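[1] can't give you the sequence, but here's the structure:
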């Protein structure tokens, strides 16, 4: 791990101050508003992400994720996801202790999905779980 990667890991954990204040991304929220098409989520802006699907999401990509040797738990609160939702390439869905398939979201309402993003060595693993419907 390089010094830059180590500092980034410390920032993600809320240990290393960035810009003079603690940057615990697990407590930061970002509201993306209305989205459609290719969706890119910048994890340096927070791990609690809210958005409303107004047209099919054709791809989901995470940027500025955890450094090598670190992990992040990202919560997506999706409104109207049944309009069309593609998931990050390589997503492994979990459920009831076994590998499951991607959820079918509702055309209206609010639903939660949690992504555990880990970077052991130089690979990125995406494990996701459907948490449930809010409204």
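    Cool, got the structure. Everything numeric here is computed off the predicted structure, so don't read it as measured data.
[2] C-alpha from now on. contacts and neighbour counts both.
    Will do.
[3] do I have it right that residue 86 meets residue 61?
    No: the criterion here is CA atoms under 8 Å, and residue 86 misses it with residue 61 at 9.8 Å.
[4] these two: who's more crowded?
    Neighbour count, other CA atoms under 10 Å: between residue 86 and residue 61, residue 86 has more, with 16 against 13.
[5] please report how far that one lies from residue 43.
    Distance of residue 86 to residue 43, given as CA to CA, to the nearest Å: 18 Å.
[6] ok, now residue 71?
    From residue 71 across to residue 43, the span is 12 Å (CA to CA).
[7] the two: which has the busier surroundings?
    When residue 71 and residue 43 are compared for neighbours, residue 43 comes out ahead with 22 against 19, by other CA under 10 Å.
[8] quick check: the more buried one touching residue 62?
    Yes: using CA under 8 Å, residue 43 makes contact with residue 62 at a distance of 6.7 Å.
[9] where do the contact lists of the two overlap?
    Here residue 43 and residue 62 share no contacting residue, scored by CA atoms under 8 Å, 6 or more residues apart in numbering.
[10] which strand is the longest one in this protein?
    Longest strand in the chain, counting residues (DSSP state E): strand 48-63.
[11] residues touching whichever helix or strand comes after it, excluding its own?
    Later in the chain than strand 48-63, the nearest helix or strand by DSSP states H and E is strand 71-79. With contacts defined as CA under 8 Å, 6+ apart, strand 71-79 is touched by 26, 47-53, 65-66, 108-119.
[12] do you know how far residue 69 is from residue 117?
    Residue 69 sits 11 Å away from residue 117, going by CA to CA.
[13] ok, the two, which is more surrounded?
    residue 117 (20 against 15).
[14] hmm, that one is touching residue 92, no?
    No: using CA under 8 Å, residue 117 is not in contact with residue 92; the gap is 10.6 Å.
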